[in-house]
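Visitor: Got a sequence here, can you build the structure:
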Amino acid sequence: MIFDLKTALEKLEVPQHEGEDEVWQNNRWLNRDNVPLPPSRRTWGAWSYAGYWICSAINVSGLAGGASLLSLGLTMGQAMTVCVIANFLVAGAVWCTGQVGSYWHVGFPMWNRMVWGLRASYFPLANRIILSFTWTATQGWLGGQCLKVFIGSMFPSIYTMKNTMPASTYMTSADFLCFFLFTIICIPCLLIPPEHLRRPMVTIAILSSLTAICLFIWSLARSRGGGPLMKPEGLALIGVTPVRGSALAWAMFHGISSGLGGVCAGILNMSDYTRFAARPRAPLITQAIVTPIAGVLTSIIGIVLASSASEFYPTATLLWTSYDLLAAMQTYGNNGTRAAVFFASLVFTLAQLGLTIPGNCIAGGIDLASLLPKYINIRRGAYITLAISIGMCPWALMSGATAFIAVMSGYAVFLAPITGLMVFDYYFVHKQKMKLTSLYECSPNSIYYYNKGVNWRAFVAWAFGVGPAFPGFLQSVGAKVTVPSGATKLYYICWPLGFCISGVMYLSLCTLFPLPGIGEVDEEDKFQAFGDASPAVDPESVAEPEKDLTEKEATENKVISDQLTHVNVVGAQW
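Guide: Here you go, the predicted structure:
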């Protein structure tokens, strides 16, 4: 039997539902998961986004992020100050990146087609996909650790399970088993479409909030004031020397940038979630209020828990992760403590699911669905993301508090310039206007075609944004390079630095070399995504310029135009 590649590829195509193929066909640029969402799929309200941001904040990494600042030599008060500044900057950043999704109903991949050009948009898309793989693995690993404590509260023998893993892996057999089990638990959860994740997220947000508050009150009551780390001299108990002078300033800058870097992925693709908003204002109020409050309170709780734990369990190292704290509580506690650990570890396991599924697996699925829309939808992409995450070695990434900060800041070196390009392009270059049909047509007829699908200005501006912090990044990840102290300090502020440099450079290049079609929008709502709230402006101001096309290009463009006109007739199905 001769293998027929064409037939095999046809079988791998995303199946179309009954009657759908009579209206439109999947192609290289288009499927139902990357077109502007129709009203039937826009189901998220303000409470949905509150649940999303609380799930993003109150989890293992959220609690650890604030506590790990102590390893930089910051006192409790200084660390809290850093958390407040970082979280308010995060709120402002996600507000900026969420506007496109809530108003135009398209996500990160489509937005970058406007910025980079249709073909060049694969570059930021690939960066985001790699990050989704890594963060799915990392959060899955933390979820496995929570699951280990949960199982240990019922069967303590898991802590004495025979270890067959070498010391160089930074894990035990029990660690890997629980990571694998957590990954298995994620599989059925991915069957839930993003538009139906509202209630699970709100439920998990409520449970995790109550659990975090209970732990916070318990630690304050037992330590009678927050523990010894509340005082500057308390850092000596954990082997950390307080920093002073200019070193203190740079340590605080490092902490702020790390706070931004820790959620740089969420900032970058916020439009992937705001596009599900039932009303444009639904995510905006939440981002302005819930995002900073949830982030600040979570960081403060994490710091107080770490400080109190250093007094409760002085023989242990700094317990900067909640699962380490719960394990210590069980080790030094009684039967009543074991019951508390049982419920707390269960909630934190659910919290990791609430972060891993929508924030990482679904995000990867959205990006992969735009990378190969003819063969991958969101669900397939989410499963691919989950499968690849197993090979990302998260146990090596999570080997200590300093490594945790380095990993978070490292991503920011590359993603902050991309974010800067997106924000400056949308607000200052294109003046918050977007021609949706041009996002799905890779031909000279598209105003985002630029130079054969590539906007060279974006590449130049991105390189300028990455350059200053790159030497410090190499040093931070262990590369055998010697860099001056100034380069290291630039790395400490990599997120705001990369964001501003790339954005300003891009705006300058677009001023010197103007882009075509600035301010144009579609005359008609071809996607039927806006109803009575179409964003179209005066048709006389958006006339499409005539372009010479070959007969083949004209035919292809007519087919694509017909598909776009009827794309939502069949309805939004998974």
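
Visitor: is it fair to say C96 lies in a helix?
Guide: Yes. According to DSSP: H, G, I helix; E, B strand; the rest coil, C96 belongs to a helix.

Visitor: Just give the nearest non-adjacent residue to it, would you?
Guide: V423 (5.0 Å; C-beta to C-beta, 6 or more residues apart in numbering). The way it works is simple: take the backbone N, C-alpha and C, and place the C-beta from them, glycine included.

Visitor: hang on, that neighbour packs against Q99?
Guide: No. Counting by C-beta atoms under 8 Å, V423 stays clear of Q99, with 9.3 Å between them.

Visitor: ok, the residue nearest to C96 to V504 distance?
Guide: Computed as C-beta to C-beta, to the nearest Å, the V423 to V504 distance reads 11 Å.

Visitor: Find me the pLDDT at F180, would you?
Guide: The model reports F180 with a pLDDT of 94.

Visitor: before we move on, what about the one 3 residues further on?
Guide: On pLDDT, T183 comes in at 95.

Visitor: Likewise for the one 3 residues further on?
Guide: We have a pLDDT of 96 for C186.

Visitor: That one - nearest residue in space that isn't next to it in sequence?
Guide: L386 (5.8 Å).

Visitor: what about the one you found, how many neighbours?
Guide: For L386, the count of nearby residues is 26 (other C-beta atoms under 10 Å).

Visitor: Would you map the helices across the stretch 451-574 of the chain?
Guide: For the stretch 451-574 of the chain, the helices defined by DSSP state H, counting those that start in this stretch cover 456-466, 470-476, 485-492, 494-512, 551-565.

Visitor: got those helices as CSV, with mean pLDDT, mean neighbour count and distance to P232 columns?
Guide: Formatted as CSV, the helices of the stretch 451-574 of the chain follow (pLDDT from 0 to 100; neighbours: other C-beta atoms under 10 Å; distance: least, C-beta to C-beta, whole Å):
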stretch, mean pLDDT, mean neighbour count, distance to P232
helix 456-466, 98, 21, 36
helix 470-476, 86, 20, 26
helix 485-492, 87, 18, 21
helix 494-512, 96, 21, 27
helix 551-565, 44, 14, 62
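
Visitor: Could you check the angle the helix ranked longest in the chain makes with helix 456-466?
Guide: Counting by DSSP state H, the longest helix found in the chain is helix 122-154. With axes from the mean of the first three to the mean of the last three C-alpha atoms, to 10 degrees defining the directions, helix 122-154 sits at 50 degrees from helix 456-466.

Visitor: still on that earlier bit, could you dump the helices of the stretch 451-574 of the chain to a markdown table with distance to H430?
Guide: Shown next, in a markdown table, are those (distance: least, C-beta to C-beta, whole Å):
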| stretch | distance to H430 |
| --- | --- |
| helix 456-466 | 13 |
| helix 470-476 | 29 |
| helix 485-492 | 30 |
| helix 494-512 | 9 |
| helix 551-565 | 20 |
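
Visitor: Just tell me which of the ones you listed ends up closest to P36.
Guide: helix 551-565 (9.8 Å; C-beta to C-beta).

Visitor: Residue ranges in the protein under the pLDDT threshold?
Guide: Along the chain, the parts satisfying pLDDT under 70 run over 1-3, 17-25, 238, 314-317, 399-409, 478-480, 531-574.

Visitor: quick one, strands of it?
Guide: Shown for the chain, no strands are assigned by DSSP state E.

Visitor: residues making contact with stretch 216-236?
Guide: Residues outside stretch 216-236 that contact it (C-beta atoms under 8 Å, 6 or more residues apart in numbering): 70, 73, 75-76, 237-238, 241-242, 301, 303-312.

Visitor: List only buried entries from those residues.
Guide: Among the contacts of stretch 216-236, those classed as buried by 16 or more other C-beta atoms under 10 Å are 70, 73, 75-76, 237-238, 242, 301, 303-312.

Visitor: Looking at the helices of the stretch 451-574 of the chain, which is nearest to P358?
Guide: The closest of the helices of the stretch 451-574 of the chain to P358 is helix 494-512. By C-beta to C-beta, the value is 22.9 Å.

Visitor: May I have that closest one as PDB, with CA atoms only?
Guide: Presented in PDB, the C-alpha positions along helix 494-512 are these (Å, rounded to 0.1, in the frame of the first residue of the first chain):
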ATOM      1  CA  CYS A 494      14.600  44.500  31.400                       C
ATOM      2  CA  TRP A 495      10.800  44.700  31.200                       C
ATOM      3  CA  PRO A 496      10.200  48.500  31.400                       C
ATOM      4  CA  LEU A 497      13.400  49.100  29.400                       C
ATOM      5  CA  GLY A 498      12.600  46.700  26.600                       C
ATOM      6  CA  PHE A 499       9.000  47.900  26.400                       C
ATOM      7  CA  CYS A 500       9.900  51.600  26.100                       C
ATOM      8  CA  ILE A 501      12.900  51.200  23.800                       C
ATOM      9  CA  SER A 502      11.100  49.000  21.300                       C
ATOM     10  CA  GLY A 503       7.900  51.100  21.400                       C
ATOM     11  CA  VAL A 504       9.600  54.400  20.900                       C
ATOM     12  CA  MET A 505      11.900  53.000  18.200                       C
ATOM     13  CA  TYR A 506       8.900  51.500  16.300                       C
ATOM     14  CA  LEU A 507       7.000  54.700  16.500                       C
ATOM     15  CA  SER A 508      10.000  56.600  15.200                       C
ATOM     16  CA  LEU A 509      10.500  54.200  12.300                       C
ATOM     17  CA  CYS A 510       6.800  54.400  11.400                       C
ATOM     18  CA  THR A 511       7.000  58.200  11.400                       C
ATOM     19  CA  LEU A 512      10.000  58.200   9.100                       C
END
